[in-house]
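**Student:** Got a predicted model here, sequence first, then my questions.
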Amino acid sequence: ITYPLQKVQVATSLNNLAELYRYQGRYDQAEPLYQQALELLKQQLGQNHPDVATSLDNRAVLYKSMGRYDQAEPLYVEALEMRKQLLGQNHPDVATSLNNLANLYQSMGRYDEAEPLYQQALEITKQLLGQNHPDVATSLNNLALLYNSMGRYDQAEPLYVEALEMRKQLLGDDHPSVTTSLNNVAGLYYSMGRYDQAEPLFQHALEMRKQLLGQNHPDVAISLHNLAYLYQSMGRYDQAEPLYVQALEIAESKLGSNHRNTVTFRKNLERLRDIRNNRGILSNIRHKLGYFARFMPKTDQ
């Protein structure tokens with residue numbers, strides 16, 4: 001006989017394993033585990049429960065990571081409304097949901113919808129946790145990322161730098177969140193044309209991700225792509241091409257041929273080869289880099 005408490009514990013274990021697979025970039029293995037965990041929790045706890053909201057949110061994070069934005073949005077919205085109803089407006093889990101939904105809207109180019117959500121999340125987090133906390137750094141980073149995407153660089157830079165310094169102080173230099181901040185500051189400097197400042201930060205972020213995540217993680221592919229894109233912009237084509245190739249191989253293996261990142265990497269590699277073959281003079285007109293500022297949304301563990 002399996003008792004209700006045991007079933008909830010099973011759901012927790014399924015969710016934790018799914019979280020591990022997502023962190024490792026093994027998205028196809030994570031998805032059915034998230035689904036099983038959610039169904040078990042609904043059976044045992046009902047449709048409206050904080051643990052159900054967490055499970056919805058985690059599954060949405062997975063879909064966001066897979067580029068399946070249309071599937072992620074209703075899950076994020078449902079989790080946010082459930083948390084507000086059950087926990088009140090000023091709760092850390094509500095701030096998490098606001099951050100995650102804003103991050104999705106940003107990825108979809110819906111910046112005007114994202115900004116107030118990020119600002120609400122930042123205010124709630126500061127109110128609950130004080131000015132100096134890893135979750136405050138996450139909110140600062142997210143708002144900076146949005147301003148960067150909107151071309152509001154002067155507003156983005158101080159927020160990025162504050163988040164980076166806070167993360168170094170609180171988490172240590174070798175934490176994945178520090179890597180994210182390094183990558184984002186580098187991306188900002190790229191956008192501002194400050195290539196000499198961007199290069200060492202992109203390089204450092206790449207080496208840290210390899211060390212922390214392994215050679216074949218989707219985030220390593222993003223760092224390889226970012227450095228390649230920088231080198232292409234600097235006219236250093238011989239250094240750019242092998243990095244694009246590595247990034248594309250990882251993305252095709254881990255994300256599939258049709259994922260947004262894979263498509264971007266492939267197009268940029270093709271553009272570079274056109275340039276090198278003297279066929280693509282016009283294709284070297286600078287275009288917006290869509291994936292330099294990668295932020296993995298904060299989820300409940």
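**Tutor:** Arrived safely, thanks for sending.
**Student:** shaky segments in the stretch 1-150 of the chain?
**Tutor:** Within the stretch 1-150 of the chain, the segments meeting pLDDT under 70 span 1-4.
**Student:** Could you rerun that using 90?
**Tutor:** Applying pLDDT under 90 to the stretch 1-150 of the chain flags the ranges 1-9, 15, 22-26, 44.
**Student:** now the strands: where do they sit in it?
**Tutor:** Under the criterion DSSP state E, counting those that start in this stretch, the stretch 1-150 of the chain carries no strands.
**Student:** all helices for it, in order.
**Tutor:** For the stretch 1-150 of the chain, helices defined by DSSP state H, counting those that start in this stretch occupy the ranges 4-23, 27-45, 50-65, 69-87, 92-107, 111-129, 134-149.
**Student:** Of all these, which one is nearest Gly214?
**Tutor:** Across these, Gly214 has its closest neighbour in helix 4-23 (10.8 Å, C-beta to C-beta). From N, CA and C alone the C-beta is placed, and that goes for glycine too.
**Student:** ok, the closest residue to Gln35 other than its chain neighbours to Glu39 distance?
**Tutor:** Using C-beta to C-beta, 6 or more residues apart in numbering and skipping the chain neighbours, the partner closest in space to Gln35 is Arg59 (7.2 Å). Per C-beta to C-beta, to the nearest Å, Arg59 is found 11 Å from Glu39.
**Student:** higher neighbour count, those two?
**Tutor:** Arg59 (26 against 13; other C-beta atoms under 10 Å).
**Student:** OK, contacts around the more buried one?
**Tutor:** Neighbour list for Arg59: Glu31, Tyr34, Gln35, Leu38, Leu75 [criterion: C-beta atoms under 8 Å, 6 or more residues apart in numbering].
**Student:** picking that back up, check the gap between the residue nearest to Gln35 and Thr262 for me.
**Tutor:** Distance, Arg59 to Thr262, by C-beta to C-beta: 22 Å.
**Student:** one step back: can you select the buried ones from the contacts of Arg59 in ChimeraX?
**Tutor:** Selecting only the buried entries of the contacts of Arg59 in ChimeraX, with 16 or more other C-beta atoms under 10 Å as the criterion:
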select :31,34,38,75
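**Student:** could I get the contacts of Arg59 as a markdown table with distance to Gln6?
**Tutor:** Putting these into a markdown table (distance: C-beta to C-beta, whole Å) gives the following:
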| residue | distance to Gln6 |
| --- | --- |
| Glu31 | 24 |
| Tyr34 | 20 |
| Gln35 | 19 |
| Leu38 | 17 |
| Leu75 | 26 |
